[in-house]
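>>> sequence and predicted structure below; questions after.
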Amino acid sequence: MEHALPLAGWENFYVIVGSSAAALTGLQFVVITLIGTEQALKSSGAEIGAFGTPTVIHFCSALVVACIVSAPWRDVSNASTALGIVGGLGALYCAIVIRRARQPMSYKPVLEDWIFHSILPFITYVVVVVAARQVPRHRDAQFVIAGASLVLLLIGIRNAWDSVTYLAIDRRKQQERP
């Protein structure tokens with residue numbers, strides 16, 4: 001039995017979230033490039049892998065969710081499967097990020113870092129997996145998917161800001177000390 005993905009009312013939401021995620025992904029590339037040009041502020045690959053790359057992944061995940069939900073699916077179960085895959089891969093990636101953050105590096109993560117770079121994204125991706133399974137049976141599951149994509153976008157914004165302020169202010173102060 002075919003079901004059309006009920007998108008009425010969601011188009012603007014996903015245009016906003018998807019466009020924002022795409023623009024912020026590009027901006028993150030610019031920021032990392034500018035930071036990389038400052039010899040005194042070069043980050044190790046471990047720090048970028050634990051804190052920079054996940055931010056881009058969260059932005060891209062929000063973009064991918066927007067694309068999946070906006071696609072003209074013939075059967076809602078196909079969209080549900082695609083959303084479940086995104087959520088599952090995101091949760092798996094969070095496990096990789098946790099492993100990376102535990103590696104020795106010059107920056108030592110604090111509780112706030114663990115919450116926003118590891119725990120919250122992992123929970124959000126698991127929520128996507130669970131809600132994706134419910135999309136074919138319950139229209140309200142779309143609100144959960146929408147909320148999760150917005151949370152990923154907001155996590156990315158917060159983490160990008162945290163990284164920039166750390167590199168621009170805190171790390172510079174540390175390097176200026178005798």
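That came through, no problem.
>>> where along the protein do the strands fall?
Counting by DSSP state E, the chain has no strands at all.
>>> gap between the closest residue to residue 97 other than its chain neighbours and residue 69?
Leaving aside its chain neighbours, residue 97 sits nearest to residue 54 (4.9 Å; criterion: C-beta to C-beta, 6 or more residues apart in numbering). For the C-beta atoms, the positions are set from N, CA and C on the backbone; glycine is no exception. Distance of residue 54 to residue 69, given as C-beta to C-beta, to the nearest Å: 22 Å.
>>> try residue 29
Distance from residue 29 to residue 69, by C-beta to C-beta: 25 Å.
>>> ok, these two, which is more surrounded?
For residue 29 versus residue 69, the count of surrounding residues by other C-beta atoms under 10 Å is larger for residue 69: 24 against 12.
>>> from the centroid of this structure, which residue is nearest?
What sits nearest the mean C-alpha location of the chain, by C-alpha atoms, centre = their mean, is residue 58, with 1.2 Å.
>>> contact partners for that residue?
Contacts for residue 58 (C-beta atoms under 8 Å, 6 or more residues apart in numbering) come out as 90, 121, 152, 153, 155, 156, 159.
>>> which residue sits closest to it, ignoring its sequence neighbours?
Per C-beta to C-beta, 6+ apart, closest to residue 58 is residue 156, 4.1 Å.
>>> which single one of the contacts of residue 58 is nearest to residue 17?
Among the contacts of residue 58, residue 153 lies closest to residue 17 (C-beta to C-beta), at 5.8 Å.
>>> what number of residues lie near that closest one?
Residue 153 is surrounded by 23 other residues when neighbours are defined as other C-beta under 10 Å.
>>> test my guess that it contacts residue 21.
Yes - Residue 153 lies in contact with residue 21 (C-beta atoms under 8 Å); the separation is 5.6 Å.
>>> mutual contacts of those two, please.
Common neighbours of residue 153 and residue 21 (C-beta under 8 Å, 6+ apart) are 59, 62.
>>> which non-adjacent residue is nearest residue 69?
Distances taken as C-beta to C-beta, 6+ apart put residue 14 closest to residue 69, at 5.6 Å, once the chain neighbours are dropped.
>>> got the contact list for the one you found?
Contacts of residue 14 (C-beta under 8 Å, 6+ apart): 65, 66, 69, 70, 146, 149.
>>> tell me the contacts of the last one?
Read it as residue 149. Residue 149 neighbours (C-beta under 8 Å, 6+ apart): 14, 17, 61, 62, 65, 66.
>>> just the pLDDT at it, thanks.
Looking at residue 149, its pLDDT reads 93.
>>> could you do the third one as well?
Model confidence at residue 69, expressed as pLDDT, equals 88.
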